[in-house]
Structure formats: C-alpha cells, structure tokens
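Trainee: One predicted model, sequence on top.
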Amino acid sequence: MSMSALASRLYHWERWAWLAALVGLLLVGVAFWVSGTDTFKSYWFAWVFWTGLGLGGLSMLMLHRLTPGRWNHFTRMPAEAATHTLPWMALLLLPVAFGMETIFPWPRPGYFDGLAMPHKAAFYQVSAFWWRNICYMLIFVLLARRMRRGHGRRGGAIGVILFGIILLFASTDWIMSLDPKWYSSMFVVIALVSQFLSALAFFILLIGLFARSEGYRAELSPQHLHDLGNMLLAFVTFWMYVTFSQFMLIWSADLPHEIVWYEHRGHGGWQWVAAAIVLVQFAIPFALLLSRARKRHHRRLWPIAAIVWVAGILYIYWLIRPNYHPEGLSISWLDPLLFLAIGAFWIALFLNQLRKEPLILTRTKPAHA
C-alpha cells in the first residue's frame with residue numbers, strides 16, 4: 001500500500017468514524033431518555049479520558065520543542081492532530097451544566113455544612129467552576145496553537161510551566177473534586193504522566209497500523225521504533241513511581257480524610273481493578289519492553305502499546321467511577337456506550353486533521369526563539 005493509498009484509507013476511516021459518532025449521538029439521546037441523569041456519570045468518564053488524550057498530544061508537542069530528535073518524525077503530526085480536538089472537547093463540556101449535581105457532590109445544597117472547610121466551600125462554587133474551566137480550555141487551545149506554529153525551546157519551556165499550572169487546577173476540578181474532602185499534591189503529576197502515556201501509546205498504535213504501507217514503512221527505521229519503545233518504557237516506569245509515591249505518602253500519614261479515597265478503591269471488587277491496572281499498565285509492559293528486539297519492530301511494539309492504552313482507559317475509570325459506587329464495583333451499560341460515542345467523535349476530528357498533513361515530519365518546522 002502506497003502513501004497515497006494510505007491517505008485514501010484515512011479518509012475512508014474518517015467517514016466511518018463520523019457515521020459511528022452520529023449513531024452514538026442518537027444512542028446517547030436514547031440513553032438519557034431511559035436512564036435520566038445517571039447518563040452524566042458515564043459522560044464525565046468519557047469526556048475526561050478523551051480530553052486527556054488531546055492534552056497528552058499537547059504535552060508531547062511541548063516535549064518536541066524541548067528535546068528535538070528523530071523520534072518526533074512519526075509522532076509530531078499525530079500530536080498536532082490530537083490538539084485540534086481540544087476546542088470541540090471544550091464544547092462537549094457544556095452539557096455537564098445540566099448534570100452538575102449528578103457528577104459532583106459539592107453543588108448539592110448543604111454539602112459543606114458542618115465541615116471545617118471554608119476554603120473548599122469558597123472554591124467549589126458552580127459559577128467559579130465554569131469560569132475556571134472556560135479559562136482552562138481557552139489557555140489549552142491557545143497554547144496548542146502556539147506549539148503547532150513552533151516557538152523553539154524557550155517557548156516549549158514556558159509552555160510546560162504554564163501547562164503544569166493550569167493542569168493542577170483542571171485535574172482538581174475534573175477528578176479530585178469528585179471527592180472534595182480528599183486532596184493530593186502528587187495528583188497533578190499523575191494526571192500529566194497518564195495523559196502523556198495514553199497519547200504516546202495511541203500514537204505508537206497508529207505507527208504500527210500505518211507501517212502496513214510500504215511507503216510509510218520505508219521511512220520507519222528500527223532506531224525510530226527503538227527510541228519510541230524506550231520512551232514508552234520510561235513513562236510506564238515513571239507512572240508507576242508517581243502513583244506508588246502517592247499511595248506510600250498517604251498510607252504512611254494515615255489521615256482519615258486522605259485514606260478514604262483509597263478505601264473506596266480498595267474493596268468491593270475495585271481492588272481487583274487496581275491490581276489489573278498495575279499488571280497491564282506497568283508489570284507486563286515493563287517486562288516486555290526490556291527486550292531490545294521487541295522495541296525495534298513495529299509488529300512487536302504495537303501490541304505492547306495497545307496494552308498500555310487500554311490500561312489507561314481502565315485507570316481513568318478507576319479514578320472516577322468508585323466515587324459513584326464506593327460500596328463496590330459497578331459497571332453500567334452506559335459506560336461503554338458513552339465512551340464509544342464520544343470516542344467516535346474524537347477519532348473523526350482527529351482523522352480529519354491528520355489526513356490534511358504529511359504523516360511523517362520530513363523537516364523541522366520553523367521555530368522562533
């Protein structure tokens with residue numbers, strides 16, 4: 001298959017993605033009619049994951065600016081395409097306004113009564129939540145636009161700092177506010193690493209898929225794949241380090257308002273989900289990526305990336321869903337439905353942008369210091 005045939009294939013995939021998104025939209029309407037406000041819980045899980053995938057692409061663009069190298073020849077254009085989804089994900093945040101009390105506990109009347117948390121009661125206000133999120137998404141979109149245009153290493157360094165600060169507040173609003181009594185200073189790092197790892201795994205999956213094209217495969221050397229495999233190994237290890245560090249610090253402190261977060265995720269079946277995440281997000285990929293041969297061939301590397309990407313979905317589910325079912329593991333039929341519906345829309349947007357540019361970065365875009 002030639003590169004032109006691959007471009008035609010992308011257009012074909014995009015059409016199917018738009019059709020799936022349309023069908024998904026209709027099914028979401030039916031789901032809301034059948035299940036009412038419970039639909040928002042599944043909607044929130046799906047929105048957080050797919051938005052995080054776009055943000056992972058943005059963090060990769062900034063890394064490209066800081067550490068240019070051969071590895072970015074095959075991830076640069078997918079990363080740019082992923083950031084083009086962010087304005088649309090900002091629009092998909094708007095329906096959440098109709099399900100705030102279903103998704104979050106703090107908008108409910110009297111939630112903070114009797115709790116010595118005046119600072120959190122002031123922070124968690126519905127109007128403040130929306131003003132903050134408008135600012136988050138606007139900054140993310142503008143930052144992505146700036147990174148796509150290219151602004152050298154200094155621009156990348158400034159972008160990383162700004163991105164980290166905004167993500168600190170965004171991760172607090174999107175996930176930590178599901179349990180406002182809990183907090184972790186490590187969580188923003190975990191969110192950043194999880195987003196980047198999911199994006200990297202997704203892009204390696206694409207590379208393995210595109211490598212079926214002879215023209216694409218001719219440009220893809222074992223060294224390119226080896227670099228990407230090493231990066232995947234590094235971030236799998238780093239993810240395990242930061243998540244274990246958070247657990248160790250909370251376990252050693254043994255404070256009631258902190259350990260309740262792990263208590264919800266440590267019984268009733270959620271503990272087996274946690275064990276599965278450690279296995280497929282770290283143990284299995286880590287063991288497989290130690291092999292040099294597996295990192296130098298696309299047919300051996302992409303299954304490992306697939307494992308990591310699926311584990312990333314499971315991890316976000318484990319972060320969000322126990323807040324709605326602390327008594328034990330509960331999986332709703334709405335979860336895969338909403339995930340696939342929003343995912344089809346995201347994939348369609350992604351492919352629409354990806355097919356407009358060369359899939360391989362053959363030269364460095366102009367950078368401005």
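Mentor: Structure received.
Trainee: so which helix or strand takes in the residue positioned nearest the centre of the chain?
Mentor: Centre of the chain computed as the mean C-alpha position; nearest residue by Cα atoms, centre = their mean is Gly52, 2.9 Å away. Using DSSP states H and E, Gly52 maps to helix 39-66.
Trainee: just to revisit the earlier point, what's the spacing between the residue nearest to the centre of the chain and Ala170?
Mentor: When distances are taken as Cβ to Cβ, to the nearest Å, Gly52 and Ala170 turn out to be 10 Å apart. C-beta coordinates here come from the backbone N, C-alpha and C atoms, glycine included.
Trainee: Gly229 too?
Mentor: Gly229 is 30 Å from Ala170, by Cβ to Cβ.
Trainee: Tell me if I'm right that the residue nearest to the centre of the chain and Leu197 touch.
Mentor: No: in this structure, Gly52 is not within contact of Leu197 by Cβ atoms under 8 Å, at 10.2 Å.
Trainee: Need the three-state assignment for the residue lying farthest from the centre of the chain.
Mentor: Using Cα atoms, centre = their mean, the residue of the chain lying farthest from its centre is Gly114. It sits 35.8 Å away. Here Gly114 is recorded as coil under DSSP: H, G, I helix; E, B strand; the rest coil.
Trainee: on that earlier part again, excluding chain neighbours, what is closest to the residue nearest to the centre of the chain?
Mentor: In this structure, Gly52 finds its nearest non-sequential neighbour in Gln195, 4.4 Å apart by Cβ to Cβ, 6 or more residues apart in numbering.
Trainee: just checking, the one you found touches Val48?
Mentor: No: with the criterion set as Cβ under 8 Å, Gln195 and Val48 do not qualify as a contacting pair; they are 10.0 Å apart.
Trainee: Which of those two has more residues huddled nearby?
Mentor: A side-by-side neighbour count of Gln195 and Val48, using other Cβ atoms under 10 Å, places Gln195 first with 25 against 20.
Trainee: got the contact list for that one?
Mentor: When contacts are counted by Cβ atoms under 8 Å, 6 or more residues apart in numbering, Gln195 touches Gly52, Leu53, Leu55, Gly56, Ser59.
Trainee: which residues touch the third one?
Mentor: Pointing back at Leu55 there. Neighbour list for Leu55: Leu86, Phe140, Leu167, Gln195 [criterion: Cβ under 8 Å, 6+ apart].
Trainee: Rebuild these as a markdown table, extending it with distance to Trp182.
Mentor: As requested, those are arranged in a markdown table below (distance: Cβ to Cβ, whole Å):
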| residue | distance to Trp182 |
| --- | --- |
| Leu86 | 28 |
| Phe140 | 25 |
| Leu167 | 18 |
| Gln195 | 20 |
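Trainee: ok, so of these, who is nearest Leu301?
Mentor: Distance ranking of the contacts of Leu55 against Leu301, using Cβ to Cβ, places Gln195 first at 20.6 Å.
Trainee: Would you point out the most distant pair within the contacts of Gln195?
Mentor: Considering Cβ to Cβ, no two members of the contacts of Gln195 lie farther apart than Leu53 and Ser59, which are separated by 10.9 Å.
Trainee: Need the residues touching each of those two.
Mentor: Any residue near both Leu53 and Ser59 by Cβ under 8 Å, 6+ apart counts here, and that gives Gln195, Ala199.
Trainee: Is Glu101 within a helix or a strand, and which one?
Mentor: Element membership of Glu101 [criterion: DSSP H and E] is helix 100-103.
Trainee: The helix or strand following that helix: which residues count as buried?
Mentor: Note on helix 100-103: by DSSP H and E, the next helix or strand toward the C-terminus is helix 118-123. Neighbour counts using 16 or more other Cβ atoms under 10 Å place Lys120, Phe123 of helix 118-123 among the buried residues.
Trainee: Tell me which residues are up against helix 118-123.
Mentor: Trp106, Phe112, Leu115, Pro180.
Trainee: Same list, the residues you listed, but as a markdown table with neighbour count, pLDDT and distance to Leu361 please.
Mentor: A markdown table is the format used below for the contacts of helix 118-123 (neighbours: other Cβ atoms under 10 Å; pLDDT from 0 to 100; distance: Cβ to Cβ, whole Å):
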| residue | neighbour count | pLDDT | distance to Leu361 |
| --- | --- | --- | --- |
| Trp106 | 21 | 91 | 44 |
| Phe112 | 17 | 78 | 50 |
| Leu115 | 12 | 72 | 52 |
| Pro180 | 19 | 87 | 43 |
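Trainee: what's the farthest-apart pair in these?
Mentor: Trp106 and Leu115 (10.4 Å).
Trainee: if we can go back for a sec, now flag whichever of the contacts of Leu55 is closest to Ser42.
Mentor: Of all these, the one sitting nearest Ser42 is Gln195; the distance, using Cβ to Cβ, is 20.2 Å.
Trainee: Just the element for the closest one, please.
Mentor: If you go by DSSP H and E, Gln195 is part of helix 187-210.
Trainee: per-residue confidence at the closest residue to Glu14 other than its chain neighbours?
Mentor: Once flanking residues are discounted, Glu14 sits nearest to Leu351: 4.0 Å by Cβ to Cβ, 6+ apart. If you check Leu351, the pLDDT there is 95.
Trainee: wouldn't Leu351 be in contact with Trp16 here?
Mentor: No: in this structure, Leu351 is not within contact of Trp16 by Cβ under 8 Å, at 9.4 Å.
Trainee: For those two, indicate the residue with more neighbours.
Mentor: When neighbours are counted by other Cβ under 10 Å, Leu351 and Trp16 differ, and Leu351 comes out ahead with 20 against 13.
Trainee: what sits against the more buried one?
Mentor: In this structure, Leu351 makes contact with Leu10, Trp13, Glu14, Ala17, Ala81, judged by Cβ under 8 Å, 6+ apart.
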